[in-house]
Structures are given as structure tokens and as C-alpha cells.
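1. Make a model of this:
(chains A and B, ligands or ions: 2)
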Amino acid sequence: MSTMARGTTAGSPASASAVPRSEAKAPLRIVASAPGAVSVAGVSHTYDVSGRVTKALDEIDLAIAPGRFVVIVGPSGCGKSSLLMMMTGLTKPTAGTIVCGGRPMTEPDPDVVGVVFQEASLYPWLTAQDNVEFPLSLRRVPKAERAARAREKLALVGLQGFEDRYPHELSGGMKQRVSIARGLVQNPSILMLDEPFAALDEQTRITMGDELLRIWAETGKTVVFVTHSLSEAAYLADEIVVMSARPGRIIDRIEVALPRPRTYEMMSTPHFAELRERIWRQIRHQVSEG
Amino acid sequence: MAAAFRRSAARRLGGLLSWIGLVGAIAAAWQASLWFGVMTPELLPPIGEVLATAVSLLGRPAFLASVGVTLAEVLVAFAIAVPLGVALGFAISESSYWSAILKPIVFLIFSIPKTIFLPMFILAFGINFGQKVGFGVFSTIFIVLISSFSALDSVKSDHVRVARAYGASPWQIAWRVYMPAMAPILLEAVRLAMIFNLTGILLAEMYASRAGLGQLIASWGENYMLKELLAGILLIAAAAILFNEAVRWFEARCEHWRS
Ligand SMILES: Nc1ncnc2c1ncn2[C@@H]1O[C@H](COP(=O)(O)OP(=O)(O)OP(=O)(O)O)[C@@H](O)[C@H]1O
Ligand SMILES: [Mg+2]
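-> Ligands and ions are numbered 1, 2, ... in the order given. The predicted structure follows:
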């Protein structure tokens, strides 16, 4: 069954809305090995769980210049998380290569990529401070330096004074601030986030988006952000990468022309509506096809 | 966090007070039933006499020898059942093949009262130290197995993934993620294991034995030595409660983070 799927998708031409290959690949040459650059080349992935074969990703090419804020959207189950897991080095793709900051991501490299997952990923038995120190303690950074660096990152995300709180004593938004601080504590040049605000209510979600943009502006990291929310995508991104239904392919890359800093009012501009429209048209098309 | 400590201190004080209240109420009911003639001293000796007997028992070499025998059986069985149960539980959980085959069997056996197998242990091993330990291990190991299954299940894959993303070695993942996540459930397993273990071994001693506390209790009962019987019950109950509360105290320290 997998060979059949591979045969048909590899043989068929890119769908009408897809950006031509050459154009999608164009930035690759410019950014290849700079710190903060991400390059995904020819990545395909097939899960094989004791004979149950799922083709999750098909020939993904994606180049991200340092300091960019890139948001990945796509229908549920299209392989966004899988792609992110591969970009962080947590999973090896069955084909293709991924290079972040000049290093091939064959295994996680916390000096290059910091990761933020959904809300439940903090260790409930550690305080906010100890959660942020955790990546440093794994590498036996001296206690005093560890404490200072974690405190600094907690302050960056606006959690000064909450160092001794346990996760269950923090709100959902605060927990994600801690996760972001933890993602930044080793000073990676790239931050990757998989639906970090999905579990939050809408107000907190918007606030957290603004916070992330502020932190991004202050630190100059490259950000790769996966979301389900079209508004979140349009509000945060420099560029939106739209994926097809499974097996995930890149079917559109959209430059967001909204000026920075972004404000809540921009959500009611015609350009914002157009962006949402354009993403939704393609995702809906994918969903009805599948 | 200071507030959390104050809250837990208050809770502990409340717990202590309710304990004192409970013991006081039992003692009062005991004495009242004698004063009002509900019980006769032949059926229920006065509490003061029972306590005095308990104290004197602690000075009798024969009693202390029995305590030694039982304690040795309990500790050896415990030292085998808990690590073996945890190791087997992890090994079974580790393989999806063996999980599918063995987990249902473990749950099936767990539901059977272990006491009915005691005669078979006597037939197989005779009446001796090894038979008591064997029956203790058999009574205990299934609850430990089941607890270690759920201890492993309680480890969130997200937590493991985070550690991997930050470059943790397998060893670090075991110690920094698995251990703290599983600690509350494993400590609870230790507590339950001791209850099952004590029950199994005392029963084995009461049923057929030449030594040990269970054998003493049984013979005091048969010979209508109520003061000794009640004193023995009080002492064993106190020891079991003490162990249980000590582990619970430790558990509470390890799981303060569970909201
Ligand atoms: N570890 C795995 N083993 C087998 N199949 C998997 C595994 N992880 C993901 N898949 C499958 O691969 C496909 C893509 O999954 P993935 O989680 O990457 O999608 P997603 O776009 O992140 O979905 P969502 O929007 O729901 O988060 C799905 O069909 C999923 O069932
Ligand atoms: Mg996902």
C-alpha cells in the first residue's frame, strides 16, 4: 500500500495551487549555513508501526532565512508535528536532509534549536525556575550560572517573582511562558513551537502571541511555529507555509505584508481578511478532497 | 510556597488531632462497654491491663524471638517481592508483545484470593521459613506488578520528548523524568505491598507454623488468653500503621506537586 501511495504522489504533478518547485527552493542558496537558518531538503517520511504504514510527509523543501518568523498551517493530521519533530532532530525522516544553523539535525541539538510543546510539557515536580534550569542541568552547567541564566529568561518572559511556583500553581498562559523560557535558556538561534497556545482561551492566546512577538523582536531568533489557527498564523508570521492533507506537501508559501509591530487592529484590515481567505481556500480544498 | 507549607503543616496537625481523637474514642468505647456491663472483663479485659501486658510482652525473650522470626520472614519476602515485581513489571511493559500476553494474566491472578493457595505452598515447601517467605512473595508480587504497570503508564510521552529535545541521555531520562514521575505510584506500591505481605505471612504462620507472631496469636486465641491476644493485636496493628504512615509521609513529600 505504501509503494502504491508513493508511486501515485511522486508521479502526479504538483496541485494547481502549489508554488513551482524552483520558486520554493530559491532562498535555499542564500541561507544555507548561517546561524539561525533552516533548510529542509527533499524530506519524506513514512511511519511503519508493526506493518501499519502511514505516509506522513512527501518531498518537503523549505528554506528559512535567519531571524524570520515562519508559521506552518495545514489540515489536521497532515504531518505538521512530524515535520517539526524532524526539524528538531527528534525523529529521523525516511528520506531527505534537514540542516539547522549549518548542522545536520540527525539528533536533537539544544544549542541550535529550542523546542516548545503544548502546555502539559512542563515537569510538574519542578518549580518554574527548575524547569527552566532543566536543559542546563542535563549538561552539568554549574549551579550558580544555571540559576542566573534561568532567572534571566524567566524575567524575559515576564515571570519575575514566580520562580518558586510549581506548574499547578500557574495559569495556562504562565505555563507556556515558562516553556518558552525553557526553550530559550540555552540561547539557541532557532525556536520551534508546536501549537504552543492551542490549549489557551482566546484572550490569553492573543496576549501570548504578542508576548512571543516581543520576545522574538528582542532576541532576533528564527521562529518556526505550528498552529491550527488561521488568525494566529496571519497575525504572527512573516511567512505562512500551507501544507496539504496527508501525505503533507507544501502547497503554498505566503508572504505577510502587514507591518511590524503587529497590532490587534490589523486583524480587521482587508489584507488580513485576504490572508485568512487564501489559507482557508486551500485547506478547505484539501479537506474536501481527502 | 510558604503558604503551601503552612497549608500542609495545618493539614498534618489536623491529621494528628483526628488520630488522637480516634484512639481516644476507641479507648473510651472499650472502657464504657465494661462500665455499662455490655462486655464482661472475661470477654474484654480492661484496656489498662492489656496495655500493661503489651509492655511486659516486649520484655519477654520468647515473644521477642517470635517477633524476630516474623520480622525476618516479612523483610526477606518484601526485599524479594518489591524489586522483583518492579523489574518484572517494567520488563513486561517494555515489550508490547509480552504486555499483550502477560498483563491480562497478571490481572486475572490478582483477582484470585491468594489465601486459597496456602495449602499448596505447604505441600510444595513444607512448613518452614522458605514456605512463609514464598507465600509472602506470592501474596505481594501481583500488586507490585500492577502498580509498576500504572507507574510506567503515568510517565507522559511529552515529558520524555522534552528531555530528548534537550539532549538527555537514556540514563538521564530514567533518573530525571521516569523516577520523579513514577515515585508517587511506586511509593504507594511499597505501602500496599507491605499490607499484602504482612497479611500473607501472618496467615501462613497462623495456619501452620512452629514459630512467629501469627502462630502466637493463633495459640493465644485457642487458649483463650485474651489479654495476650489483644496486646499482640495492638502491637502488630501499631507496627503496621507506623510503617504505613511513614511511607505515606514520604509519599506526601514526593507528590506535593500533584495539585
Ligand atoms: N509515531 C507515529 N507513529 C505512527 N503514525 C504516526 C506517528 N505520529 C504521527 N503519525 C501519523 O502521521 C500523520 C501526521 O501526524 P502529525 O501528528 O504529524 O500531524 P499534525 O499535522 O501535527 O496533526 P494535528 O494537526 O492533529 O496536530 C497522522 O496520520 C498520524 O496518525
Ligand atoms: Mg500536531
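2. A:Arg205 is in contact with A:Gln176, correct?
-> No - A:Gln176 is beyond contact range of A:Arg205, at 9.6 Å (criterion: C-beta atoms under 8 Å). For the C-beta atoms, the positions are set from N, CA and C on the backbone; glycine is no exception.
3. Tell me which of the two has more neighbours.
-> With neighbours defined as other C-beta atoms under 10 Å in any protein chain shown, A:Gln176 and A:Arg205 compare such that A:Gln176 has more, 29 against 22.
4. Can you point out the buried residues in stretch B:131-139?
-> Neighbour counts using 16 or more other C-beta atoms under 10 Å in any protein chain shown place B:Gln131, B:Lys132, B:Val133, B:Gly134, B:Phe135, B:Gly136, B:Val137, B:Phe138, B:Ser139 of stretch B:131-139 among the buried residues.
5. picking up where we left off before, quick check: neighbours shared by A:Gln176 and A:Arg205?
-> Here A:Gln176 and A:Arg205 share the contacting residues A:Phe197, scored by C-beta atoms under 8 Å, 6 or more residues apart in numbering or on different chains.
6. export the helix or strand hosting A:Ser231 as PDB, just CAs?
-> Assigned by DSSP states H and E, A:Ser231 falls within helix A:230-236. C-alpha atoms of helix A:230-236 as PDB (Å, rounded to 0.1, in the frame of the first residue of the first chain):
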ATOM      1  CA  LEU A 230      -5.600  30.900  10.600                       C
ATOM      2  CA  SER A 231      -5.800  34.200  12.600                       C
ATOM      3  CA  GLU A 232      -2.800  33.300  14.700                       C
ATOM      4  CA  ALA A 233      -0.900  32.400  11.500                       C
ATOM      5  CA  ALA A 234      -1.700  35.700   9.800                       C
ATOM      6  CA  TYR A 235      -1.100  37.700  12.900                       C
ATOM      7  CA  LEU A 236       2.300  36.300  13.800                       C
END
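7. Going along the chain, name the helices of the stretch 101-250 of chain A.
-> Along the stretch 101-250 of chain A, counting by DSSP state H, counting those that start in this stretch, helices occupy A:128-138, A:143-156, A:172-184, A:202-219, A:230-236.
8. what's the angle from the first one to helix A:172-184?
-> What separates the directions of helix A:128-138 and helix A:172-184 is an angle of 20 degrees, with axes from the mean of the first three to the mean of the last three C-alpha atoms, to 10 degrees.
9. can you list the residues of the stretch 1-150 of chain A near ligand 1?
-> Contact residues (C-beta under 6 Å from any ligand atom) of the stretch 1-150 of chain A with ligand 1: A:Tyr47, A:Val49, A:Thr54, A:Ala56, A:Gly74, A:Ser76, A:Gly77, A:Cys78, A:Gly79, A:Lys80, A:Ser81, A:Ser82.
10. Run a quick neighbour tally on the second one.
-> When counting by other C-beta under 10 Å, one arrives at 7 neighbours for A:Val49.
11. that older thread, need the buried residues of stretch B:131-139 in CSV (columns: secondary structure and distance to A:Gln160).
-> As requested, these are arranged in CSV below (DSSP: H, G, I helix; E, B strand; the rest coil; distance: C-beta to C-beta, whole Å):
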residue, secondary structure, distance to A:Gln160
B:Gln131, helix, 64
B:Lys132, helix, 60
B:Val133, helix, 57
B:Gly134, helix, 60
B:Phe135, helix, 59
B:Gly136, helix, 55
B:Val137, helix, 54
B:Phe138, helix, 56
B:Ser139, helix, 54
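12. and which of those residues is nearest to A:Leu62?
-> Closest approach to A:Leu62 among these (C-beta to C-beta): B:Val137, at 57.7 Å.
13. Tell me how many other residues crowd residue 37.
-> Unless you meant another one, I'm taking chain A. 24.
14. not what I meant, chain B
-> B:Gly37 has 7 neighbours, counted by other C-beta under 10 Å.
15. Would you quantify the distance from it to B:Gly134?
-> For B:Gly37, the distance to B:Gly134 equals 48 Å [C-beta to C-beta, to the nearest Å].
16. and what of B:Glu222?
-> Per C-beta to C-beta, B:Glu222 is found 26 Å from B:Gly134.
17. again, but for A:Arg139
-> Counting by C-beta to C-beta - A:Arg139 and B:Gly134 are separated by 47 Å.
18. Widest-spaced pair of the residues of the stretch 1-150 of chain A next to ligand 1?
-> A:Val49 and A:Gly74 (21.7 Å).
19. mind checking which helix or strand the residue nearest to A:Thr91 when sequence neighbours are not counted is in?
-> Leaving aside its chain neighbours, A:Thr91 sits nearest to A:Met85 (4.3 Å; criterion: C-beta to C-beta, 6 or more residues apart in numbering or on different chains). In this assignment (DSSP H and E), A:Met85 forms part of helix A:80-87.
20. Surely B:Val69 is in contact with B:Ala211?
-> Yes - using C-beta under 8 Å, B:Val69 makes contact with B:Ala211 at a distance of 4.5 Å.
21. more crowded one of the two?
-> Taking other C-beta under 10 Å, B:Val69 and B:Ala211 do not tie; B:Val69 has more neighbours (21 against 18).
22. so what's B:Val162 closest to, chain neighbours aside?
-> Per C-beta to C-beta, 6+ apart, closest to B:Val162 is A:Ser121, 5.1 Å.
23. Against chain A, how distant is the nearest residue to B:Gly136 once chain neighbours are set aside?
-> Of all residues not flanking B:Gly136 in the chain, B:Ala77 sits nearest, at 3.0 Å (C-beta to C-beta, 6+ apart). Noted for B:Ala77: a distance of 31 Å to chain A, by C-beta to the nearest C-beta, to the nearest Å.
24. Mark out where each domain of chain B begins and ends.
-> Per the record, chain B has its domains at B:6-44, B:56-258, by automatic domain parsing.
25. Check these for me: which has the lowest mean pLDDT.
-> Mean pLDDT is lowest for domain B:6-44 out of the domains of chain B, coming in at a mean of 86.
26. Chain A: strands as residue ranges?
-> Counting by DSSP state E, one finds strands in chain A at the ranges A:38-49, A:52-64, A:69-73, A:95-100, A:103-104, A:113-116, A:190-194, A:222-226, A:239-243, A:250-255.
27. So which of those is the most surrounded?
-> strand A:113-116 (a mean of 28; mean count of other C-beta atoms under 10 Å in any protein chain shown).
28. So it, near chain B or not?
-> Yes - shown here: strand A:113-116 in contact with chain B (C-beta under 8 Å from any C-beta of the partner chain) through A:Val113, A:Val115.
29. No further queries at this time; thank you.
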